[in-house]
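[1] got a sequence here, can you model it:
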Amino acid sequence: MLKQIFKKIIIYLLILESKLTLKKYKPKTVVITGNIGKTSSKDAVFTVLSSVYFVRKSEKSFNSEIGIPLTILGLPNGWSDIFIWIYNIIGGLKLIFLKNHYPKWLVLEIGADRPGDIEKISKWLKADIVVMTHLPDIPVHVEFFKSAEEVIAEKSYIMKTLKSSGVFVVNNDDKRALTLKTLAKENKIITYGFSNNSDIVASNEKIIYENNKPKGMSFRVDYNGNSIPVNINGALGKQHIYPVLSAIAVGISQGLNIVLMTRLFDTHETPQGRMKIIDGISNSYIIDDSYNSSPAASIEAVNTLKNIDCLGRKIAVFGDMMELGSHSTEEHIKVGELIGKIADILITIGVRAKYITQGANSVGMKKRNIFQCLDSENAGDKLIDIIEEGDIALIKGSQSMRMEKVVEKIMANPEKKYRLLVRQEEEWQNR
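    Model prediction:
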């Protein structure tokens, strides 16, 4: 009880300080939401804008009612340390009353785990640009809403943050996201996607190989009569193309040169745990998609696995997809059916993932090629036993399944885990 009261007081004070900070410094603001691709889009937008301006972005996935004020104030997460929270409040006051070199742009990721999350934020935050990524039929966190439609309705509150002079950037391949165009009647709208009627179009997606291993991918961006190549190193999948397109759209809205923007992605670092290519033991390699999971993201990850040329076997390591409510069994079976058609070996983790096993078996995957594990540690040990030279392992699951522990078990250079893997902070390691 006291902990909850303390949390509410801290949130109230941080939001108050954030309002005063925004009023004092008047930065331009990009807010990004959706059900998939928020963090990747945030990082891509930061890469573009920071090439010209002084920019601050949300750290990791600081996208909640407490994470957003911390980003605005440039302060760390205090977790359960009361002294850090006191330090944060004092830091916010210094920002308000003393002169500071404050960013010209803020790039804020905004999430919705529960009803009312974005609605509350929309009452005090104003945006110059809103980016809407992807709103799938079965969104993550749907368990805490009455329906998928209620999730979309919550996400739509982001439009209330958009200034009348602002720009709405929206995924043109997503029919649910496009419905929000009706809420941006006075605003400039820029669409992006693979659809030819998008303002910014992606095409010619290819995987780049080096020594028979995937190194990254390339594609072309078509805009205003120009067709420009883009390279992304160290990651795979359309999951990383859409964020680049959204970032280019943001840059175009500010008059930035598209050729110069596309070159920035030659050295762009995609976020950990999102389809990252990592060297594995026994000269294998890993596609690390361990950050989180949902039905749409899982399907996209497996389709990417399908498109990879592989000298060895394709191994899918999948944990539970959490917070799907009544959709859980059906969606796990669907993912399993697709895996069964593409992968040679399946390892599952968790009680819900048994339905992934069921789906894979139903389309002909042999039981001898399916392994069910109790937890990520056990799955990692199993993978050590079976992985061979040339194999590729796609590793994915919801946050609570701690799939990064599987990656750590089989990565060729575990000493690099703090740089390459998600959830390496002390607070996560102690859980």
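[2] quick one, what contacts Arg220?
    Shown in contact with Arg220 (Cβ atoms under 8 Å, 6 or more residues apart in numbering): Ala202, Ser203, Asn204, Ser227, Ile228, Pro229, Val230. Quick note: C-beta positions are derived from backbone N, CA and C, even for glycine.
[3] okay, now the closest residue to Glu17 other than its chain neighbours: neighbour count?
    Distances taken as Cβ to Cβ, 6 or more residues apart in numbering place Gly92 nearest to Glu17, at 3.5 Å, with adjacent residues excluded. Using other Cβ atoms under 10 Å, Gly92 has 23 neighbouring residues.
[4] give me the helices and strands touching the helix or strand containing Gly92, please.
    Under the criterion of DSSP states H and E, Gly92 resides in helix 82-97. Judged by 3 or more Cβ pairs under 8 Å, 6 or more residues apart in numbering; DSSP states H and E, helix 82-97 is in contact with helix 2-25, helix 67-73.
[5] following that helix, which helix or strand shows up next?
    Following helix 82-97 toward the C-terminus (DSSP H and E): strand 105-109.
[6] export that next one to PDB, keeping only CA atoms.
    Written as PDB, here are the backbone C-alpha positions of strand 105-109 (Å, rounded to 0.1, in the frame of the first residue of the first chain):
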ATOM      1  CA  TRP A 105      14.000  17.400 -30.200                       C
ATOM      2  CA  LEU A 106      12.600  14.700 -28.100                       C
ATOM      3  CA  VAL A 107      11.800  11.200 -29.500                       C
ATOM      4  CA  LEU A 108       9.400   9.500 -27.200                       C
ATOM      5  CA  GLU A 109       8.100   5.900 -27.300                       C
END
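[7] now do the helix or strand that that strand is followed by, average pLDDT.
    Next in sequence after strand 105-109, counting helices and strands by DSSP H and E, comes helix 117-122. For helix 117-122, the mean pLDDT works out to 96.
[8] could you measure from Ile11 over to Ile68?
    10 Å (Cβ to Cβ, to the nearest Å).
[9] which of these two has more neighbours?
    A count of neighbours by other Cβ under 10 Å puts Ile68 above the other of Ile11 and Ile68, at 24 against 15.
[10] what sits against the more buried one?
    Ser18, Ser58, Phe62, Leu108, Ile110, Ile121, Leu125.
[11] quick one: the fourth one from Glu337, how far?
    With distances taken as Cβ to Cβ, Leu108 is found 38 Å from Glu337.
[12] swap in Met322?
    Distance from Met322 to Glu337, by Cβ to Cβ: 20 Å.
[13] same check on Gly325?
    On the measure of Cβ to Cβ, Gly325 and Glu337 end up 20 Å apart.
[14] go on, Val151?
    Note on Val151: its distance to Glu337, by Cβ to Cβ, is 24 Å.
[15] what about the two, which has more around it?
    Taking other Cβ under 10 Å, Val151 and Glu337 do not tie; Val151 has more neighbours (23 against 19).
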